[in-house]
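In: Fold the following for me, if possible:
(2 chains)
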Amino acid sequence: MMNNRNKIRPPFLVKKLFEVILAPYTESSELGDAEERFFLTYEKYGLSKAKMWYRKNFILSLPRNIKNTIIWSFIMYSNYIKIAFRNFIKNKSFSIINVTGLTIGMAGIIFIFLWVNDELSYDNYHNDADDLYRIVYSDGINKQVKTHTALAAALKSTFPEVVETARMMPSAKITFKSISKDGNTQRVFYENTMIIADPSLLDVFEYKFIKGDRNSAFSSPDNLVITERMAMKYFGDEDPIGNSLYLMAGSQGRKVSAVIENPPSNTHLKFDIIIHFGIMDVMGFDTNSWDETYFFTYIRLAKDTDRNLMSSKIENFINNYRADNKYKVILQPVQDIYLHSDFGFDLAGLGDSQFVYIFTCAAIIILTIACINFINLSTARYLPRSKEVGMRKIVGAKKGQLIIQYIGESVMVSVFAILLAIAIVKYFLPEFNNFTGKNLSFNILNTNIGLTILGIIFITGILGGLYPAIFMASFKPINILKGKIQSGNFSGHLSNNSIRKVLVVMQFIVSVVLIAGSIIINNQLNYIKDKKLGFQKENIVYLPMGTIGNDYHAIKQELMQDPNITGIALSNYLTTDTGNEIKNVEWEGKDPGAEVLIKYKDIGYDYLNLLGIEMKEGRDFSREFQADSSDSFIVNEKFVEQYEISDPIGKRLDVNGKKGEIIGVVENVYYLSLYNEIEPMIHGLFSDLTGRRALIEVIYIRIDGQNVTQALDKIVNTWKKIVPNIPPEYYFLDAEYDKIYKTEQVMGTLIFYFTLFGILIACMGLFGLTAYVTEQRLKEICVRKILGASKKNILINLSNDFLKWVVLAIIIGIPVSYFALNTWLENFAYKINIDWKIFLFSAVSVLIIASITLSYHIIKAIRANPADSLRYE
Amino acid sequence: MKLLTRQEELLLVIIYKLKDNAYGVTIGLELEEITEQEWTTGALYDALYRMEKHGYIKSRLSDPTSIRGGRSKRIYTVSQKGIEGLNSQKLVQEKLWDGISELKLSK
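Out: From the prediction side, this is the model:
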């Protein structure tokens, strides 16, 4: 009988199930009874009967056992929630600090996420976006996006894996005019949203048509395709199809043949009007050439085409046409263009992957600080609850249950915080959009956003709660109840204390890095923005000339009589536009084999003077020299330097067949941003207004900075008087430059705010911790006082406890930030030197902030009356 | 006076009779023998827990035994209140049945 006992067992699986269901919430004696009964049945009726009885018993008791389990879990969890809530209320200030810190951190992270997500989403929305590429040429050192003009068509007809190709050319700012069908309404706008492209561009990017279709679009080379918003702007409610837009003085209008959907804001290729590529032929470009590299080439490949193989195929293909081809071909995925372009002649307004990295790091840092805080405060808050843990353990709580309870509490707090954070994000999103110039939306049901929120809850709630939970659950009840882990003894628990110190140190390292980082990043951005551009952009108003032609002279004459207007001049491109690029340039002593592409702008008399650009050598264009209008050129220093022209004045210079000579050299001017290096440039004289075709000319007016309003009124009124049929439009030149640095400005401000966030959260952590520690040490402080310690002694004693860790953080933080920022600055062509004073400043400010944070509770503790806290000892 | 339910009465009497050996298994077996019915776990244990809560019975845990998978028995004894309840129940019973020796249909 006894020998058999090992073999005679209740059915294993059923027994296990039984135990799992019953164990946590029922008397263990019930299980014992069932087992005993099993053996009794076995002895009486045999094994199979016994097993049958056991199974039957299990099934019959199942409903009742499940019901019990549910009831008891409910009671248990509602007790957890009740206790959590009571503790939250009991430690109001702690809870508020904890939740506020988390909320601010989470809101910051959500904002960063929205921004980064948008930056990364550029051009993802195209159909089969993975198959779209832009062709980039690399000569080993420089890369450029301008490709051979014959490339697109040749690729399409040669390679079966090339589905579609299109050439594209962005246009300078230009004036458009629409006339309504009845001829009564004219609308004139100055736009920089035009591109010149092959009709096949519509196939490459598969734009959706609102009016008209792919067949009607560009049925003639004189046609235009415009976006919905342009249709609204120029034609209002009128049907735009068949209506005309005029872009050249006196030219035939171009008919609108189709309206496409507005491209989403997250595309690198922003445009509102597409002009047929045929215009390039009209303008005299060789559009089927293996010599000229002028245009962007976009290409759609068949699915699963190997990108690297295809680029080498294209390269070999070009070699067939040009034995001397020096370019390597890179197929740049369209989705990479916005963030990862660093090429010559590229589009304006592209993003910068650096900021994506910076902000992702910022988000991680903020989340880390918030979590550290959370861990720190939770651990501090749990210590007085050690008796609760002891009691729970004694009445049978398992370690796992306790961990679940405490993690549950921290998840509750983080869910609460994220709800607040979501409300904050919702509330401030319009501000944020306004400020970053984006059009972000915040929808929690969006998969990415939902996952991020769950991720944040997981990291703060579960990971943040894990340490304190495990720490708490590992208490031995006997020690707790004997008072060995006294809640009053902060330094008693060695491992806990050292971890907490590490956390405080880390937090302040981050603060040091943030302060130093934000100062240096902002300094660098300001440096770029304010670096002497070489001309004065303040107090200059510019007006697109539009179709006014020779009326300019009348306007000028009238305006010059006003004392508030100090100068007026013309140029054929806006200063921020690159101008023409001219290949056909010859000069005395030019290396005969050299291929050049030189920027060219026509400027009027007084232009250089008006913008305060200084002559290095020679003279400015002058009315006294008749020849200036036909055969004189001014070049910039870079031109002289790059092509090593000695003694440039008087040297022969031919530009596009116009023969002349160099009469002056101007200093280098940063017309674009400081990201772009200065390039050689030639200026011709802009004097004859009647021969002008394209409406890209701009009138510059320098006004008196003291009387801006009067000056502007005068300009507007004069214009209205002389050209009543065209509404005047004026802009400030410095605003135009500010636009170029908009991203930098926004980034600078954002970095500043995130630094503020980070420091605020770190301080909240320290504040909470001091509150806790001083409260715990209150008795000790009172005893010290009674024994005769001076206030100063106690102050030093308490502050040292914290400040030595802050000092350690500063010592570690300074080299860390120096290294990180130095690496970042390497990316800039023009950069500031890192000043050691910045580190001194951030160290001192961290110390001051930390001391102020500490002092509140320390002073409170010092002032406490010993009698109050020692009364019950 | 509060009367016991039939189920309470049954269990109390059985526990009383079993003296020091009244626990889940013995009570269950006895119950099934007397009533000639199967009793589910719920009907038995939940009734016992309820009666203990009402104070009719008291319980203690025995030492664990190996035949029970190392688990203790919960041994029940009738409390003072239980005895009082049984006594009054018995009184009511006797009053109720007084004068009836054999049951048959009246003519």
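In: Test my guess that A:Q144 contacts A:I135.
Out: No - taking contacts as C-beta atoms under 8 Å, A:Q144 lies outside contact range of A:I135: 10.3 Å. Using the backbone N, CA and C atoms, a C-beta is placed for each residue, glycine as well.
In: Show me which of those two is the more surrounded one.
Out: Neighbour count, other C-beta atoms under 10 Å in any protein chain shown: between A:Q144 and A:I135, A:I135 has more, with 25 against 16.
In: residues contacting that one?
Out: By C-beta atoms under 8 Å, 6 or more residues apart in numbering or on different chains, the contact list for A:I135 reads A:V145, A:T147, A:L151, A:F296, A:T297, A:Y298, A:I299, A:I314, A:V329, A:I330, A:L331, A:Q332.
In: Show me what the longest helix seen in chain B packs onto, helices and strands only.
Out: With DSSP state H setting the assignment, residue counts place helix B:80-97 as the longest helix in chain B. With contacts taken as 3 or more C-beta pairs under 8 Å, 6 or more residues apart in numbering or on different chains; DSSP states H and E, helix B:80-97 sits against helix B:6-18.
In: quick check, the one helix or strand A:S73 maps to touching chain B?
Out: For A:S73, the host element (DSSP states H and E) is helix A:47-90. Yes - counting by C-beta under 8 Å from any C-beta of the partner chain, contacts between helix A:47-90 and chain B involve A:N57, A:L60, A:S61, A:P63, A:R64, A:N65.
In: Mind giving me the packing neighbours of that helix?
Out: Applying 3+ C-beta pairs under 8 Å, 6+ apart, we find helix A:47-90 packed against helix A:12-22, helix A:28-45, helix A:399-436, helix B:41.
In: With mean pLDDT and mean neighbour count as new columns, can those helices be given to me in CSV?
Out: As requested, those are arranged in CSV below (pLDDT from 0 to 100; neighbours: other C-beta atoms under 10 Å in any protein chain shown):
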stretch, mean pLDDT, mean neighbour count
helix A:12-22, 74, 15
helix A:28-45, 83, 19
helix A:399-436, 87, 18
helix B:41, 78, 20
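In: Tell me which of these lies nearest to A:S157.
Out: Comparing these against A:S157 with C-beta to C-beta, the closest turns out to be helix A:399-436 (44.0 Å).
In: could you give the angle of the next helix or strand after that closest one to helix A:399-436?
Out: The first helix or strand that comes after helix A:399-436 along the chain, using DSSP H and E, is helix A:447-457. Relative orientation of helix A:447-457 with respect to helix A:399-436: 130 degrees, computed using axes from the mean of the first three to the mean of the last three C-alpha atoms, to 10 degrees.
In: Next SSE downstream of helix A:447-457?
Out: On the C-terminal side of helix A:447-457, the closest following helix or strand by DSSP H and E is helix A:464-473.
In: Please save the CA atoms from that next one in PDB.
Out: Provided in PDB are the C-alpha atoms of helix A:464-473 (Å, rounded to 0.1, in the frame of the first residue of the first chain):
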ATOM      1  CA  GLY A 464       9.800  53.600 -12.800                       C
ATOM      2  CA  GLY A 465       7.700  51.600 -10.400                       C
ATOM      3  CA  LEU A 466       9.700  48.400 -10.600                       C
ATOM      4  CA  TYR A 467      12.700  49.400  -8.500                       C
ATOM      5  CA  PRO A 468      10.600  50.800  -5.500                       C
ATOM      6  CA  ALA A 469       8.300  47.800  -5.800                       C
ATOM      7  CA  ILE A 470      11.000  45.200  -5.600                       C
ATOM      8  CA  PHE A 471      12.800  47.200  -3.000                       C
ATOM      9  CA  MET A 472       9.600  47.300  -0.800                       C
ATOM     10  CA  ALA A 473       8.600  43.700  -1.500                       C
END
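In: Check which helices and strands it sits against.
Out: helix A:353-382, helix A:386-394, helix A:399-436.
In: any idea of the angle it forms with helix A:353-382?
Out: Counting by the same axes, to 10 degrees, helix A:464-473 points 30 degrees away from the direction of helix A:353-382.
In: in helix A:464-473, what's buried?
Out: Taking 16 or more other C-beta atoms under 10 Å in any protein chain shown as the neighbour-count basis, helix A:464-473 is seen to contain the buried residues A:G464, A:G465, A:Y467, A:P468, A:A469, A:F471, A:M472, A:A473.
In: cool, and stretch A:114-124?
Out: Neighbour counts using 16+ other C-beta under 10 Å place A:L114, A:W115, A:V116, A:N117, A:D118, A:E119, A:L120, A:S121, A:Y122, A:D123 of stretch A:114-124 among the buried residues.
In: Please enumerate residues in contact with it?
Out: Counting by C-beta under 8 Å, 6+ apart, the neighbours of stretch A:114-124 from elsewhere in the structure are A:129, A:132, A:266-268, A:334-335, A:337-339, A:351, A:355-356, A:359-360, A:363, A:425, A:429, A:432, A:436, A:438, A:440, A:442, A:448-449.
In: Just give the closest residue to A:Y605, not the sequence neighbours.
Out: For A:Y605, ignoring the flanking residues on the chain, the nearest one in space by C-beta to C-beta, 6 or more residues apart in numbering or on different chains is A:F621 at 5.6 Å.
In: typo on my end, A:Y670
Out: Nearest non-adjacent residue to A:Y670, counting by C-beta to C-beta, 6+ apart: A:L533, 4.4 Å away.
In: how many neighbours does the one you found have?
Out: Taking other C-beta under 10 Å as the criterion, the count of residues near A:L533 is 20.
In: Provide the secondary structure category for it.
Out: For A:L533, the secondary structure call by DSSP: H, G, I helix; E, B strand; the rest coil comes out as coil.
In: now it: how far from chain B?
Out: Look at A:L533 and chain B: by C-beta to the nearest C-beta, to the nearest Å, they are 88 Å apart.
In: Repeat that for A:A423.
Out: Using C-beta to the nearest C-beta, one gets 47 Å for the distance from A:A423 to chain B.
In: interface residues of chain A facing chain B?
Out: Taking C-beta under 8 Å from any C-beta as the criterion, the neighbours of chain B within chain A are A:27-37, A:39-40, A:57, A:60-61, A:63-65.
In: that older thread, could I get the helices and strands packed on helix A:47-90 as JSON lines with distance to B:L3?
Out: Compiled in JSON lines, those are given as follows (distance: least, C-beta to C-beta, whole Å):
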{"stretch": "helix A:12-22", "distance to B:L3": "33"}
{"stretch": "helix A:28-45", "distance to B:L3": "29"}
{"stretch": "helix A:399-436", "distance to B:L3": "42"}
{"stretch": "helix B:41", "distance to B:L3": "26"}
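In: between those helices, which gets nearest to A:D203?
Out: Judged by C-beta to C-beta, the one of the helices and strands packed on helix A:47-90 that comes nearest to A:D203 is helix A:399-436, at 32.9 Å.
In: Which neighbouring elements make contact with the closest one?
Out: When contacts are defined as 3+ C-beta pairs under 8 Å, 6+ apart, helix A:399-436 packs onto helix A:47-90, helix A:92-120, helix A:353-382, helix A:386-394, helix A:447-457, helix A:464-473, helix A:742-776.
In: so what does the shortest one touch, helix or strand wise?
Out: In this structure, helix A:386-394 makes packing contacts with helix A:399-436, helix A:464-473, helix A:477-482, judged by 3+ C-beta pairs under 8 Å, 6+ apart.
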